[in-house]
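S.K.: Provided below for reference: sequence and predicted model.
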Amino acid sequence: MEFALNHLFCFGFGFSAQAFAARLDRQQWKISATSRGAEGISEINAQGFHGLPFDSTFQIAADVTHLLISAPPGEYGDPVLHLFEEQLQKLSKQLKWVGYLSTTGVYGDRGGEWVDEDSALEPNTVRGQRRLEAERSWLRLHSDFGLPVHVFRLAGIYGPGRNTLLNVRDGSAKRIIKPGQIFSRIHVEDIAEVLAASIAKPNPGRGYNVCDDEPCPPQEVVAYAAGLLGLPLPPEIPFEQANLSPMAKSFYADSKRVSNRRIKTELSYKLLYPNYRDGLRALLPTLTA
């Protein structure tokens, strides 16, 4: 039996990590991932990967070559570094590539203006501040120990099973109107492809915005989805009257247009879904009756 040439280990196995793992050639890659519970481990194994418990007794295997971190930071910082920073320091020569999935929330609110990777990092939410602190902690492992860390700042993620088409169809979508509000977004398959492009052309210490070409007001996406489905437009609701959860409100605290130029120029990446229209049209066949 031939052994895989690479071993990807994922701390956290959510939407983006699963899309990336599914993209990789099983003949070339061994894939392992952690979960905090037995059910999550069983789900990882059911997908044909190797599930492991996320706890303080865990040891990163000697054959791991690539590391993806998608576990979010919490009140006490980054959970992976909290438990495994000493191990990671010792693995700097073993690992070929480390990817940390962050968020464009680290840029804060720009009143709809453009930002790129050289813009100031000024998060204005607790979630954004925690992400920025985690980014800096991971990048310190690069600068101090040579760990090959790459940071990916993800915009709003959508894809199969998680998109506005589903929300419009089930009646949960709202056209929330907040004047001047602009979001960037990204299809999960494009996230997977950008990560693969980075592995093919690593540049440790570098950060990349991962978003499509067309930031826009969120109500435009809802209206387009309704049109694709042939359903009535959800009514417009002023932001102040939307009765959103604290988490949902926090997404409206930032308004900005995020540039993706670096993934195109440095990673030579061409988006599969350059805008929400392309992405939603491609998702139509994935909807179940």
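M.R.: Thanks, I have the structure now.

S.K.: From here on, just use CA atoms for contacts and neighbour counts.
M.R.: Will do.

S.K.: tell me the SS of S268?
M.R.: For S268, the secondary-structure state derived from DSSP: H, G, I helix; E, B strand; the rest coil is coil.

S.K.: Could you report the pLDDT at it?
M.R.: pLDDT, S268: 97.

S.K.: Quick check: nearest residue in space to it, chain neighbours excluded?
M.R.: Spatial nearest neighbour of S268, excluding adjacent residues (C-alpha to C-alpha, 6 or more residues apart in numbering): A197 at 7.9 Å.

S.K.: List the buried residues for the helix or strand hosting the one you found?
M.R.: Secondary structure here is read from DSSP states H and E; on that basis A197 sits in helix 188-200. Across helix 188-200, burial judged by 16 or more other C-alpha atoms under 10 Å covers 188-199.

S.K.: Quick one: mean pLDDT for that helix?
M.R.: Taken as a whole, helix 188-200 has a mean pLDDT of 98.

S.K.: hmm, who's touching the helix or strand that comes right after it?
M.R.: Scanning forward in sequence from helix 188-200 by DSSP H and E, the next helix or strand is strand 207-210. Contacts made with strand 207-210 from outside it, assessed by C-alpha atoms under 8 Å, 6 or more residues apart in numbering, are listed as 104, 116-117, 150-155, 186, 191, 194, 258-260, 262-263.

S.K.: Among those, name the ones in helices.
M.R.: Taking DSSP state H, the ones among the contacts of strand 207-210 that sit in helices are 191, 194, 262-263.

S.K.: so which of the residues you listed comes closest to Q47?
M.R.: Set against Q47, the nearest of those by C-alpha to C-alpha is I191 (19.5 Å).

S.K.: Tell me the spacing between that closest one and K270.
M.R.: Computed as C-alpha to C-alpha, to the nearest Å, the I191 to K270 distance reads 12 Å.

S.K.: So which residue is dead centre in the chain?
M.R.: Nearest to the geometric centre of the chain sits L154, at 4.6 Å (C-alpha atoms, centre = their mean).

S.K.: who does it bridge with?
M.R.: When assigned by DSSP bridges, L154 has beta-bridge partners T103, V210.

S.K.: Surely it and T103 touch.
M.R.: Yes: using C-alpha atoms under 8 Å, L154 makes contact with T103 at a distance of 4.6 Å.

S.K.: Would you map the helices across the chain?
M.R.: Shown for the chain, the helices assigned by DSSP H span residues 15-23, 38-46, 79-90, 126-145, 164-170, 188-200, 218-229, 246-251, 261-265, 276-283.

S.K.: elements contacting the first one?
M.R.: Packing contacts for helix 15-23, counted by 3 or more C-alpha pairs under 8 Å, 6 or more residues apart in numbering; DSSP states H and E, involve helix 188-200.

S.K.: residues in contact with the helix it packs on?
M.R.: Residues from elsewhere that reach helix 188-200 (C-alpha under 8 Å, 6+ apart): 15-17, 19-20, 23, 97, 99, 154, 157-159, 210, 263, 267-269, 271-273.
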